[in-house]
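>>> Mind folding the following:
(2 chains)
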2 protein chains.
Amino acid sequence: MRVILPAGTTETALIDGISAAGAAPELMEHTPSADVEILAYGKPTAAPVTPVSPNGCPTPAAVTRAVREEVGFDVTVVDAGLTRSTAAPTVDLDVSPGADVREETAVPDAAAIFDRAHGYGSELPDEELLIGETVPGGTTTALGVLTALGEPAGVSSSLPENPIERKRRVVDEGLAASGLDAGACDGDPLAAIEAVGDPVQPTVMGIAAGALESGTEVTLAGGTQMVAVAALLRHGGIDAPLSIATTSFVAAEQGDRLEAACDRLDCDLVVTDPGFDERDHVAMARYCAGEAKEGVAMGGALSLVPDGRMAAVRDRLETVCARLGIEADGPAEESAATTGDPAEAAAEDDRGS
Amino acid sequence: MRVILPAGTTETALIDGISAAGAAPELMEHTPSADVEILAYGKPTAAPVTPVSPNGCPTPAAVTRAVREEVGFDVTVVDAGLTRSTAAPTVDLDVSPGADVREETAVPDAAAIFDRAHGYGSELPDEELLIGETVPGGTTTALGVLTALGEPAGVSSSLPENPIERKRRVVDEGLAASGLDAGACDGDPLAAIEAVGDPVQPTVMGIAAGALESGTEVTLAGGTQMVAVAALLRHGGIDAPLSIATTSFVAAEQGDRLEAACDRLDCDLVVTDPGFDERDHVAMARYCAGEAKEGVAMGGALSLVPDGRMAAVRDRLETVCARLGIEADGPAEESAATTGDPAEAAAEDDRGS
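A predicted model of the protein is given here:
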């Protein structure tokens, strides 16, 4: 099993109030680069941030890494518009960071990115792929393309209280700046991405489309952002079988909407509960409280854990957390210093769920 | 266990008579890119060549991949001056392809490459690293730096008949063009690389030095090219314990010289015989006949195979070979067509051994 992880950035994440990232945008730009280093090496190596909130909630990359250490799978990171360099190995598909969706064009070369990603995906010899993502601001751009496609649009958040109304206002501004009404891109997914999407979307979509067309089974690993990718694929006329694998945390927040969306898009839905409520550890407690929820292929990775081995994954997660400066009863002081202030923690909103 | 694979190119490989690559230099430039795709995906995906000689000898990448499929280890490819793009994920250390050693300067930024590679290696959290290489022309540049350092200089070849005298003439020309006598770079390894080396050397050397300084165990995976890197490290004042892991094919060709070199450089030597003589398969027969011998971390990968599992590795190698178009009794016609004429096969000389 190979896990493909397109990682990128969009200036949409810098919008005030969307992710509160205005307070520390330079640090947030490093988050996907740090995530992929955690996947590749077990902790950030070159990235100057450790994506852990001050109250001890680690990036979902920590969970994906824990599963990888327990179960073992190949991870292939695709540079889907990283702003900052990373020491992790990445596939280069010549993708640039995305612009603010409130600009006239958010991803000017969406079609070209799709084509290159399609070529890459179609050549992979794997029988099965799991495709995830890491892109701060990604739920806002997911809301953007769902709205542009005319799909019922609800998206998740990595904070317990979802700033969904703010996201809707940003998307409305973005559509207006592109001269589009909601639903204007029905049947034209690349136009939706170009107007109000992010560069990770055509990368995931292209790899998935190419792989599906060459007979590879594809699971989209994520929550509402992957619902958006599934919608993009369906609007692009791709009708091959497709699965979405996400976490129980996203499923709990979304309620019936998630299953309804998957039904409408003819996607199988796999929800995995990692049993974090069985541990007395701050990282797992934060997930149970609704923080982070999903991202960096977390739900897909958890779906690979064989019966009876989830406790071992939780053990591994404790080890990974210790490497990231999180002990069972909270983040070490040094770690809190590394990861900054609450404004930065809030910057962790709107990613990966 | 992590296997790090710096992959690069040098125009030295294009010298007439060194590797006979003049007949098909454009194809040979793709060889390291294809090698790392084989490591990452099991076969070339984007690279337009399959590195298999017309008589059915596959690149050592096939063997390393076979071991990986059987034993399982992380592979991290570092772009150490690739000329052609690859679909494999690579770590970007901003390394450019090397110039012909007969130019005044072969690797103008050897010191800067070393520094970046050192930083990368020192941050890796692994306890043990195996570091290999893939660079066509690499035994000539190995001879180059050994000569410049004043070390007894013998290098291997990927052909049964080693064109060592040609390589010596090229190195002599290269030293003259740089205004250096043999031994002039004693104690100054980066000057040796700058004058007559290749960009993979400061990358391997830097990663090894950084990792050793942070307490990681390092094994150099390769034959005489890794003897050259060990010499570079020792001349650079790095006296930490160091191992070289290579194949029985290099050891057989080099005789006592290999062990003597390791003794002189205070390196442990591990030689692994993959038992290819026990199979009736053209790929394994070609290795037994002295073709290819080593490269792409083959000897290091073989050293990871636990007792009793080498037969399974040979089984896997047959599977990998089938993917590359090599059946037990020889290359498929299609494969021969893909990989071109005997001139191109000869282009496979002087790499990885």
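>>> ok, A:Ala7 touching A:Val78?
Yes - using CB atoms under 8 Å, A:Ala7 is in contact with A:Val78, at 7.1 Å. The C-beta positions use only the backbone N, C-alpha and C, and glycine is treated the same way.
>>> list residues touching both of the two?
A:Thr90 (CB atoms under 8 Å, 6 or more residues apart in numbering or on different chains).
>>> Looking at the stretch 251-353 of chain A, which residue is nearest chain B?
A:Arg323 (7.3 Å; CB to the nearest CB).
>>> Give me the neighbour count for that residue.
17 (other CB atoms under 10 Å in any protein chain shown).
>>> Would you confirm that it contacts B:Pro125?
Yes - A:Arg323 is within contact range of B:Pro125, at 7.3 Å (criterion: CB under 8 Å).
>>> Identify the contacts common to those two.
A:42-43.
>>> for stretch A:177-191, how far is the first residue from the last?
With CA to CA, to the nearest Å as the measure, stretch A:177-191 spans 14 Å from end to end.
>>> If you could redo that for stretch A:290-305, that was the one I meant.
For stretch A:290-305, the end-to-end distance is 22 Å (CA to CA).
>>> Can you confirm whether that stretch lies near chain B?
No - applying CB under 8 Å from any CB of the partner chain, one finds stretch A:290-305 separated from chain B by no less than 15.0 Å.
>>> Equivalent analysis for stretch A:90-101, please.
Yes - residues of stretch A:90-101 contacting chain B under CB under 8 Å from any CB: A:90-92.
>>> now the residues you listed in TSV, with pLDDT, neighbour count and secondary structure?
Converted to TSV, these look like this (pLDDT from 0 to 100; neighbours: other CB atoms under 10 Å in any protein chain shown; DSSP: H, G, I helix; E, B strand; the rest coil):
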residue	pLDDT	neighbour count	secondary structure
A:Thr90	98	24	strand
A:Val91	98	25	strand
A:Asp92	97	16	strand
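>>> Closest one to A:Pro25 out of those residues, please.
When the residues of stretch A:90-101 next to chain B are compared for distance to A:Pro25 (CB to CB), A:Thr90 comes out closest, at 21.9 Å.
>>> Give the closest residue to the closest one in space, chain neighbours not counted.
With CB to CB, 6 or more residues apart in numbering or on different chains as the criterion, A:Thr90 has its nearest non-adjacent residue at 4.2 Å, and that residue is A:Asp79.
>>> In terms of pLDDT, where does that neighbour sit?
We note a pLDDT of 98 for A:Asp79 in this prediction.
>>> Then A:Ser178?
For A:Ser178, pLDDT reads 98.
>>> What segments of chain A are strands?
A:2-7, A:74-79, A:90-92, A:128-131, A:217-221, A:242-247, A:267-272, A:326-327, A:330-331 (DSSP state E).
>>> most packed of those strands?
Compared across the strands of chain A, strand A:2-7 shows the largest average neighbour count, a mean of 28 (mean count of other CB atoms under 10 Å in any protein chain shown).
>>> Residues touching that one, excluding its own?
Strand A:2-7 is contacted by residues A:32-33, A:35-36, A:39, A:64, A:68, A:73-80, A:82, A:86, A:90, A:117, A:124, A:126, A:128-135, A:200, A:203-204, A:207, A:221, A:296-297, A:300-301 when judged by CB under 8 Å, 6+ apart.
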